[in-house]
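In: From the sequence below, what's the structure:
(2 chains)
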Amino acid sequence: MAFGDYPKEYNPAVHGPYDPARYYGKPDTPFGQVKINELGGWFARRNKTPSAIIGACSRAWWRWQHKYVQPKKVGMAPFFQLLAGSMTFFYVINYGKMKHHRNYKYH
Amino acid sequence: MLSRLALRSAAARQLAPTSLVVRGSASSGVRDEVNFPRPVRGEPGKVRLGFVPEEWFQFFHSKTGVTGPYTFGVGLITYLCSKEIFVMEHEYYTGLSLFLMVYIAMKKLAPNVAAWLDKEVETVEKEWNQGREDTLSTLEKAIADEKKAQWRAEGQEMLIQAKKENVLLQLEAAYRERAMQVYNEVKKRLDYQLEKSNVERRLAQKHMVDWIVTNVTKAITPDQEKQALDRCIADLSALAVKN
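Out: Got it, this is the predicted structure:
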């Protein structure tokens, strides 16, 4: 699979138009239905190559796009989600500096 | 030969980037509409508090009831603030004032802006569909015109048939006219022949009669004439006596 190609598992004759939010490989148990004691095995079965991780992020991005950004009449929700997400992200990366602004010595 | 070679090399060059399509169509597979339906453009996902997905509240609902997620959120914030994991430095108050402004703007402006944007969305979608609909109607009109032209062509065939029949009729008329002409000409010649033979016969007869009369009168001698005259006189006198 080179850059710009579809995933190996995608077959236009069977799957029809390509949906970037969809995983076309063999589906595993959804994460929400995994028992705690099966979690290790579930994680071990995951493909952890860089391309697979990037693919998972891409699918997540497109799922979010299809759900909140691409519908015909969307509200402010995706913008507020982006805002909240970026606020959290920048707070986390700046946390080392923020720490020095604490007002109380003891908690 | 050279051009065919060029074509073949061009086709080979074109194959490389389309290998994706070739791979898809080469592997045998039937379109799976049940597990892989055609994606449709759905309604936007529901959110609460402006940005928290509805699914998050549904996840809590079965375990904690309706207030659970809110309690969890407030508890988490209280914990973060209490332990100063979330530090309220000067930017926090900037954020508070920004939040207030955004909130008021949302309450005041959102309905109008939303109505205007919805209208724009409809306009844009209508514009995008317009081209397709125009093309469709144009093509339908073209099909109708084509059918009408075919119908007219059938009529043209009938017209050609009628014209052919007309030509045949004219040919028939010309044939009959000429046959009549031939008949008349032949009749004229035959009449001429008949008239000629009649005239000849009449002349011959007349000539014959003349000739016979001349010869007969020439053959009568004066004696015979005298005898005849005498005889006539004698007959006359005999007749006179009887009366």
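
In: List of residues touching the lengthiest helix in chain A?
Out: Ranked by number of residues, the top helix in chain A under DSSP state H is helix A:77-93. The contact list for helix A:77-93 (Cβ atoms under 8 Å, 6 or more residues apart in numbering or on different chains) reads A:64, A:68-69, A:98, B:44-45, B:47, B:50-51, B:86. Bear in mind the C-beta positions are built from the backbone N, C-alpha and C, glycine included.

In: Report the rounded mean pLDDT for the helix or strand hosting residue B:168.
Out: Assessed by DSSP states H and E, residue B:168 sits inside helix B:90-219. If you average the pLDDT over helix B:90-219, you get 94.

In: So that helix, near chain A or not?
Out: Yes - shown here: helix B:90-219 in contact with chain A (Cβ under 8 Å from any Cβ of the partner chain) through B:90, B:106, B:110, B:114, B:117-118, B:121, B:125.

In: Which SSE is immediately downstream of that helix?
Out: helix B:222-242.

In: mind checking how far that following helix is from the chain centre?
Out: From the chain centre to the centre of helix B:222-242 is a distance of 115 Å (Cα atoms, centre = their mean, to the nearest Å).

In: buried ones in that helix?
Out: By neighbour count on 16 or more other Cβ atoms under 10 Å in any protein chain shown, the buried set for helix B:222-242 is empty.

In: Contacts for that helix next, please.
Out: With Cβ under 8 Å, 6+ apart, helix B:222-242 has no contacts at all.

In: rerun that using 10 Å as the cut-off
Out: B:220-221 (Cβ atoms under 10 Å, 6 or more residues apart in numbering or on different chains).

In: got the CA positions of it in CSV?
Out: What follows is helix B:222-242, C-alpha atoms only, in CSV (Å, rounded to 0.1, in the frame of the first residue of the first chain):
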residue,chain,number,x,y,z
PRO,B,222,-73.8,1.3,-139.6
ASP,B,223,-75.6,-1.7,-140.9
GLN,B,224,-76.3,-3.1,-137.5
GLU,B,225,-77.4,0.4,-136.5
LYS,B,226,-79.7,0.7,-139.3
GLN,B,227,-81.2,-2.8,-138.7
ALA,B,228,-81.7,-1.9,-135.1
LEU,B,229,-83.4,1.3,-136.0
ASP,B,230,-85.6,-0.4,-138.5
ARG,B,231,-86.4,-3.1,-136.0
CYS,B,232,-87.3,-0.5,-133.4
ILE,B,233,-89.6,1.4,-135.8
ALA,B,234,-91.2,-1.9,-136.8
ASP,B,235,-91.7,-2.8,-133.1
LEU,B,236,-93.1,0.7,-132.4
SER,B,237,-95.5,0.4,-135.3
ALA,B,238,-96.6,-3.1,-134.2
LEU,B,239,-97.2,-1.7,-130.7
ALA,B,240,-99.2,1.2,-132.2
VAL,B,241,-101.4,-1.2,-134.2
LYS,B,242,-102.2,-3.3,-131.2
